[in-house]
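Engineer: Whatever this is, show me its structure:
(2 chains)
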Amino acid sequence: MTDRLRSFEEEALPHLDAVYRFALRLTGAAADAEDLVQETFLRAYRSWDQYTPGTSAKSWLFTICRNTFLRQRERERRRDEVVERAVREGDGPSVPGGELPLFMPAAQSDPEGELFRDMIDESILNAIERLPADFRDAVVLSDLEGLSYAEIASVLDIPVGTVKSRLFRGRRLLQQELYSYAIEEGYIRPRQP
Amino acid sequence: MSDVTCREALARLYEYLDGELSGASAEEIRAHFELCQCCYPHLRYATAFQEMLARVASGQRCAPPELRKKVAELLRAEAARSGG
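Structural biologist: Numbers count the residues shown, from 1 in each chain, chains lettered A, B, ... in the order given. Next comes the predicted model:
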């Protein structure tokens, strides 16, 4: 085996699961995700010279995966490609409009966050999938895939300030969603005024 | 108590928890949350929230074994083709 292939297998291949999950979220379908993963790893292997050893191979692969996906989508001109950016956002202060970081009704009725301990993983993942795409991507890359703010900024091609505000709002939206779910399912009772 | 206001501490809550603050800033924020009765519950709550996500992250789905095999074959073929 060549050194190039060996180093690629050692550093890049361990991230196959993470790249697959990322591809699945981008494409929304298992078959498309598998094609995208193959294309991503092939491109990554061809560009392996451009990878800086010691940096995050995971975020480097995510970047290639996303760029490949965007190029494919552009080429195919899918009908549903026009995505409404329904959610306004700015690159301003990390506390948008002076809002608090937490979803307060939830934090007040459950200050210890007990509801998070009882909740089923699948319900949580479903709630994450329901977040608006921009927020979902930031939350997934940070909280599920463990990327740093700088890495997320590079993968999504947005400024670090935008990463912060998307995480801030995305996490609060997720808390809100989980709170509603927890009340529906009877995990907790809404706080009496 | 440190000079950090509650508003600043809350604004940087996630940067603190995400390990995005440098030593001195992280220490300031940590000290504030430790001493401030108003802010401490926010830290507890956000920590529980992130622990939940860490739990979910560890149980996430893996790539199908056939895909892993296909990618390995693809790379070997490419290495053979390009000679490196």
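Engineer: can you tell me if the longest helix along chain A touches chain B.
Structural biologist: The residue-count maximum for a helix in chain A (DSSP state H) belongs to helix A:160-184. Yes. Judged by C-beta under 8 Å from any C-beta of the partner chain, helix A:160-184 and chain B are in contact via A:164, A:167-168, A:171, A:175. Any C-beta I mention is one placed from the backbone N, CA and C, and that applies to glycine too.
Engineer: same for that helix, what does it pack against?
Structural biologist: Judged by 3 or more C-beta pairs under 8 Å, 6 or more residues apart in numbering or on different chains; DSSP states H and E, the packing partners of helix A:160-184 are helix A:104-109, helix A:114-118, helix A:121-129, helix A:133-139, helix A:149-156, helix B:13-17.
Engineer: closest one to residue A:45 among these?
Structural biologist: helix A:149-156 (18.8 Å; C-beta to C-beta).
Engineer: how about that closest one, does it get close to chain B?
Structural biologist: Yes. Counting by C-beta under 8 Å from any C-beta, chain B has neighbours in helix A:149-156: residue A:149.
Engineer: tell me how far that helix is from the chain's mean position?
Structural biologist: Chain-centre distance of helix A:149-156: 11 Å, with C-alpha atoms, centre = their mean, to the nearest Å.
Engineer: could you check the angle helix A:160-184 makes with that helix?
Structural biologist: 90 degrees (axes from the mean of the first three to the mean of the last three C-alpha atoms, to 10 degrees).
Engineer: contact partners of helix A:149-156?
Structural biologist: The contact list for helix A:149-156 (C-beta atoms under 8 Å, 6 or more residues apart in numbering or on different chains) reads A:56, A:58-59, A:62-63, A:66, A:137-138, A:141-142, A:147, A:159-160, A:162-164, A:167, B:15, B:18, B:20.
Engineer: Work out for me the element the residue in chain B that chain A sits nearest to sits within.
Structural biologist: In chain B, no residue comes nearer to chain A than residue B:48, which is 2.7 Å away by C-beta to the nearest C-beta. If you go by DSSP states H and E, residue B:48 is part of helix B:40-58.
Engineer: Buried residues of that helix, list them for me.
Structural biologist: Neighbour counts over helix B:40-58 (16 or more other C-beta atoms under 10 Å in any protein chain shown) mark B:41-43, B:45-50, B:52-53, B:56-57 as buried.
Engineer: Just checking the distance from stretch A:165-180 to the centre of its chain.
Structural biologist: Distance, centroid of stretch A:165-180 to centroid of chain: 13 Å (C-alpha atoms, centre = their mean).
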